[in-house]
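> the sequence and its predicted three-dimensional model are supplied below.
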Amino acid sequence: MEAGLRSYLATACFSADQMRAGTREIYDRMLRESAFMDRANFAAFHPEDIRRLFDLYDQMFFGGRIRAELGDLPLHFRLSRRMTRAGGKTARHVLRQRGGAVVRTEYEITISSTLLFQTFQDEQRQVRVTGQLCRDRLEALQRIMEHEIVHLGELLVWEESSCRASRFHSIASRIFGHTEHTHALITPSERALTKFGVRAGDRVKFRFDGRHYEGVVNRITRRATVLVEDARGERYSDGKHYSKFYIPLEQLQRA
């Protein structure tokens with residue numbers, strides 16, 4: 001009898017050659033079959049690409065066991081511009097009635113478009129995801145999907161998953177050859193420093209609605225959050241009051 005997902009996750013093991021051949025076939029098929037990815041360093045992609053990538057991995061490395069375990073449970077795919085630290089995220093959503101009875105369970109895999117598009121532009125350093133050297137965006141996306149599909153498998157079988165735990169490390173290593181559970185994609189903070197010379201804590205000047213302001217960079221995502229002292233603004237932990245501005249990085253100047 002064919003092993004179910006639980007047994008498969010506990011025992012499956014691929015050789016390095018099998019991993020390379022499988023991931024390369026998926027790479028080539030994505031470039032051939034995607035309506036949006038016209039090259040390895042694609043400039044656009046779609047949730048349908050994520051669904052297709054997931055299904056290719058499920059068939060190639062799990063023999064369709066992930067979809068079989070899901071059954072009729074929904075699995076959604078989403079791209080996020082707001083995720084600026086994690087390359088991907090897998091979530092299990094359980095809707096319950098007031099008495100606690102489960103009405104519906106569904107799953108979602110989200111991929112950070114921001115991190116992928118910020119990387120493989122003009123950076124000079126190597127880019128590694130899950131410990132693997134990535135030459136382009138598609139390879140980085142593959143490593144992220146491999147990581148997230150392990151999360152999904154664990155959630156389906158054990159209803160919990162942690163990439164810091166030994167079980168996750170074992171599965172990701174045996175099936176995909178991962179040696180780490182983190183990524184080294186270019187984050188907004190790194191790009192802000194290397195391209196614009198700005199980091200959190202810096203004093204900066206900028207122009208907004210025709211007026212000049214000076215403040216402190218509090219946070220960097222796709223834009224910089226700048227706090228400007230303002231007696232009418234919100235009070236912060238330092239006892240001062242600030243107004244908050246969201247400014248594109250290219251519009252900031254070091255004060």
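Looks like it came in fine.
> could you say which helix or strand holds I50?
helix 47-62 (DSSP states H and E).
> would you mind putting the CA coordinates of that helix into CSV?
What follows is helix 47-62, C-alpha atoms only, in CSV (Å, rounded to 0.1, in the frame of the first residue of the first chain):
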residue,chain,number,x,y,z
PRO,A,47,-1.1,33.8,-7.8
GLU,A,48,-1.8,31.2,-10.5
ASP,A,49,2.0,30.8,-10.9
ILE,A,50,2.2,30.0,-7.2
ARG,A,51,-0.6,27.4,-7.5
ARG,A,52,1.1,25.9,-10.5
LEU,A,53,4.5,25.8,-8.8
PHE,A,54,2.9,24.1,-5.7
ASP,A,55,1.2,21.4,-7.9
LEU,A,56,4.4,20.6,-9.7
TYR,A,57,6.2,20.2,-6.4
ASP,A,58,3.4,18.1,-5.0
GLN,A,59,3.6,15.7,-7.9
MET,A,60,7.4,15.6,-8.3
PHE,A,61,8.4,15.3,-4.7
PHE,A,62,5.3,14.1,-2.8
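> next secondary structure after that helix?
With elements assigned by DSSP H and E, the helix or strand that comes after helix 47-62 is helix 65-70.
> hey, where'd the helices end up in the stretch 151-255 of the chain?
Here the stretch 151-255 of the chain has its helices, by DSSP state H, counting those that start in this stretch, at 166-176, 188-196.
> the longest one packs against which elements?
Under the contact criterion of 3 or more C-beta pairs under 8 Å, 6 or more residues apart in numbering; DSSP states H and E, the helices and strands touching helix 166-176 comprise helix 16-33, helix 137-158. C-beta here means a position set from N, CA and C on the backbone, and glycine is covered the same way.
> including distance to L116 and mean neighbour count, could those helices go into CSV?
Output for the helices and strands packed on helix 166-176, formatted as CSV (distance: least, C-beta to C-beta, whole Å; neighbours: other C-beta atoms under 10 Å):
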stretch, distance to L116, mean neighbour count
helix 16-33, 14, 14
helix 137-158, 5, 22
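> can I get these in a markdown table with distance to R82 and mean pLDDT?
Putting the helices and strands packed on helix 166-176 into a markdown table (distance: least, C-beta to C-beta, whole Å; pLDDT from 0 to 100) gives the following:
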| stretch | distance to R82 | mean pLDDT |
| --- | --- | --- |
| helix 16-33 | 25 | 98 |
| helix 137-158 | 16 | 97 |
